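Enquirer: only the shape, not the letters, is given here:
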């Protein structure tokens, strides 16, 4: 017999994951009330759901914009789904807004995902890493291992979906998208984005936009 789960626990899990009420209740029952295990279960189901829907066509969606406080940085991002009905849902629009803010907070991000990074960029990064002084006296096999590790980290830094979500650092942007796929039952893709920084290309004082966005979220 399933254990009884309080409505407060269900609400708390829903706020943390964005999953539906019944999905949250079932996950908590299966995890015997352990909210961390329930969260992990929902994420795994979200990943499975995302995998099944990955090939489905996404022709609807929204273009979201975000202007940082002080109007010194702006972001536009296109996020696609399968139907206009889902595109109009508050959860989808909230996702788009969060992704736009994430882009503003991550100045190193240049691509939606690692598969979008050109091979020429990867080769250049490998060349830079392989030429660093701290590797000069290491055996070739160790050098290659270190370079590959550093390249993997660097590619993650360039990829939007690999970033830790600014509102919940326990999950990545891809985890967040997977949760929304599980919640709304449609394939969801970030198609493209653009970031505009006031005075970009001119010599100017560099502000830490990631910290500023973080401070805004705390207020």
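Expert: Perfect, I can see it now. Computed from a predicted structure; not experimentally measured.

Enquirer: drop to CA atoms for contacts and neighbour counts, all remaining ones
Expert: Fine.

Enquirer: for the residue nearest the centre of the chain, what are its contacts?
Expert: Residue closest to the mean C-alpha point of the chain, counted by Cα atoms, centre = their mean, is residue 173 at 1.3 Å. Residues near residue 173 by Cα atoms under 8 Å, 6 or more residues apart in numbering: 99, 160, 161, 162, 163, 164, 165.

Enquirer: and these, which two are furthest apart?
Expert: Longest distance between any two of these is 12.1 Å, between 99 and 162; criterion Cα to Cα.

Enquirer: of those two, who's got more company?
Expert: residue 99 (29 against 19; other Cα atoms under 10 Å).

Enquirer: so for that one, what's the pLDDT?
Expert: The model reports residue 99 with a pLDDT of 97.

Enquirer: gap between it and residue 117?
Expert: Residue 99 sits at a distance of 19 Å from residue 117 (criterion: Cα to Cα, to the nearest Å).

Enquirer: one more: residue 78?
Expert: Relative to residue 117, residue 78 is positioned 18 Å away (Cα to Cα).

Enquirer: so between these two, which is more surrounded?
Expert: Taking neighbours as other Cα under 10 Å, residue 78 and residue 117 compare with residue 78 leading, 19 against 15.

Enquirer: which strand residues bridge that one?
Expert: Judged by DSSP bridges, the bridge partners of residue 78 are residue 63, residue 192.

Enquirer: show me what contacts it?
Expert: By Cα under 8 Å, 6+ apart, the contact set of residue 78 is 61, 62, 63, 64, 96, 190, 191, 192, 193.
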